[in-house]
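Asker: build me a structure from this.
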Amino acid sequence: MQCMPPCSATAYTVLLFTQGRASLSDTFMPQAAAAAAPIIDIRNLRKRFGTQEVLKGVSFTAQSGDVVSLIGASGSGKSTLLRCMNMLEVPDSGQVLIAGEEVALKTNRHGQTVLANPPQVDRMRTRLGMVFQSFNLWPHMTVLENLIEVPIRVLHQPRAEAIALAEALLAKVGMAEKRHSYPAFLSGGQQQRVAIARALATRPSVMLFDEPTSALDPELVGEVLKVIRDLAQDGCTMVLVTHEMAFARDVSSKVMFLHQGCIEEAGTARQVFENPGSERCRQFVNAQFCRA
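Answerer: Numbering: from 1, shown residues only. Okay, here's the model as predicted:
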């Protein structure tokens with residue numbers, strides 16, 4: 001099976017800090033000439049774990065303001081693709097460009113592809129806010145401390161500015177009253193909302209979500225999806241790995257269906273969910289909606 005050629009997918013907004021309030025701005029376009037340039041450009045990405053090739057030459061681009069959902073069966077490569085985008089996994093070959101800057105890779109003496117410039121990756125990761133399935137909050141820190149740690153220590157923001165932005169973000173996700181609580185005293189849904197606010201605290205260009213509701217009890221899913229929906233309505237650029245088909249259909253500007261490490265179907269939410277060209281995609285979508 002051939003992997004599909006590059007398709008459009010995801011993008012670029014900036015979180016502004018003004019007068020102690022956090023707001024998602026209109027799409028950030030530094031120069032009119034650069035308006036059409038993709039914020040994410042993935043070219044022929046390949047990744048293997050042992051003998052299993054998990055990504056088989058995946059390519060796509062992401063324009064400013066897109067909300068892109070990655071769907072497909074477990075093991076299709078969705079999460080690996082997301083992790084390769086921010087170099088939590090180093091691809092075996094291919095190119096990853098963020099805002100036009102290519103992640104520098106090299107081959108070591110063992111023939112393995114490794115990061116050529118780790119400080120570059122650390123810097124570029126601040127442009128990509130990542131939200132995981134399992135929250136990953138620092139348990140020894142309060143909610144507020146979780147939000148200000150990276151802005152102060154990594155981005156060297158003034159403490160007062162970091163706190164003001166953190167409090168505004170906590171208010172946005174409905175967690176302001178819990179700012180002095182520790183993660184152990186929060187529900188799963190509350191922890192995930194804090195994780196989203198923490199990812200936003202670095203003012204990323206793109207938000208990446210790796211199945212953000214899969215670890216939650218059913219009654220807690222809605223509160224997290226509401227936060228993500230609000231971000232989409234604010235113009236936040238996002239790439240989501242999700243099994244929430246109705247949610248993906250409602251919020252996505254673009255959807256990609258992955259199968260065995262390839263993008264088998266890609267298009268608008270309406271195209272993919274209502275009239276997919278791939279029979280496998282059609283069967284997957286129908287099965288997911290029947291299960292819901």
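
Asker: how many neighbours does residue 291 have?
Answerer: By the measure other C-beta atoms under 10 Å, the count of residues near residue 291 is 8. Heads up, the C-betas are built off the backbone N, CA and C, glycines and all.

Asker: so how far is residue 150 from it?
Answerer: Counting by C-beta to C-beta, to the nearest Å, the separation of residue 291 from residue 150 is 38 Å.

Asker: again with residue 175
Answerer: When residue 175 is compared with residue 150 (using C-beta to C-beta), they lie 17 Å apart.

Asker: try residue 225
Answerer: On the measure of C-beta to C-beta, residue 225 and residue 150 end up 25 Å apart.

Asker: one more: residue 166?
Answerer: 11 Å.

Asker: same deal with residue 119?
Answerer: On the measure of C-beta to C-beta, residue 119 and residue 150 end up 15 Å apart.

Asker: ok, those two, which is more surrounded?
Answerer: Set side by side, residue 119 and residue 150 give different neighbour counts by other C-beta under 10 Å, the larger being at residue 150 (17 against 8).

Asker: quote the end-to-end distance of stretch 209-218.
Answerer: 18 Å (C-alpha to C-alpha, to the nearest Å).

Asker: can you point out the buried residues in that stretch?
Answerer: 209-213, 216 (16 or more other C-beta atoms under 10 Å).

Asker: can you add secondary structure and give those residues back as JSON lines?
Answerer: Shown next, in JSON lines, are the buried residues of stretch 209-218 (DSSP: H, G, I helix; E, B strand; the rest coil):
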{"residue": "209", "secondary structure": "strand"}
{"residue": "210", "secondary structure": "strand"}
{"residue": "211", "secondary structure": "coil"}
{"residue": "212", "secondary structure": "coil"}
{"residue": "213", "secondary structure": "coil"}
{"residue": "216", "secondary structure": "coil"}
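
Asker: switch the residues you listed over to TSV; also include distance to residue 108 and pLDDT.
Answerer: TSV is the format used below for those (distance: C-beta to C-beta, whole Å; pLDDT from 0 to 100):
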residue	distance to residue 108	pLDDT
209	32	97
210	28	96
211	32	94
212	34	94
213	38	93
216	40	90
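
Asker: can I get those in TSV including distance to residue 112?
Answerer: Supplementary listing: the buried residues of stretch 209-218 in TSV, determined by distance: C-beta to C-beta, whole Å:
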residue	distance to residue 112
209	29
210	24
211	28
212	31
213	35
216	36
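
Asker: between the residues you listed, which sits nearest residue 51?
Answerer: For those, the minimum distance to residue 51 (C-beta to C-beta) is 24.4 Å, reached by residue 210.

Asker: ok, that closest one to residue 75 distance?
Answerer: Spatial separation of residue 210 from residue 75 under the definition C-beta to C-beta is 14 Å.

Asker: how much space separates residue 108 from residue 139?
Answerer: In this view, residue 108 and residue 139 are 35 Å apart by C-beta to C-beta.

Asker: and for residue 127?
Answerer: Using C-beta to C-beta, residue 127 is found at 27 Å from residue 139.

Asker: of these two, who's got more company?
Answerer: Here residue 127 and residue 139 are set side by side on neighbour count (other C-beta under 10 Å), and the busier one is residue 127, at 19 against 10.

Asker: for the closest residue to that one other than its chain neighbours, give me phi and psi.
Answerer: Take residue 127 and drop its neighbours on the chain: the residue closest to it by C-beta to C-beta, 6 or more residues apart in numbering is residue 205, 4.4 Å away. Residue 205 has phi and psi values of phi -80, psi -30 when expressed as degrees, to the nearest 10.

Asker: pretty sure residue 205 contacts residue 100?
Answerer: No: judged on C-beta atoms under 8 Å, residue 205 makes no contact with residue 100 at a distance of 11.4 Å.
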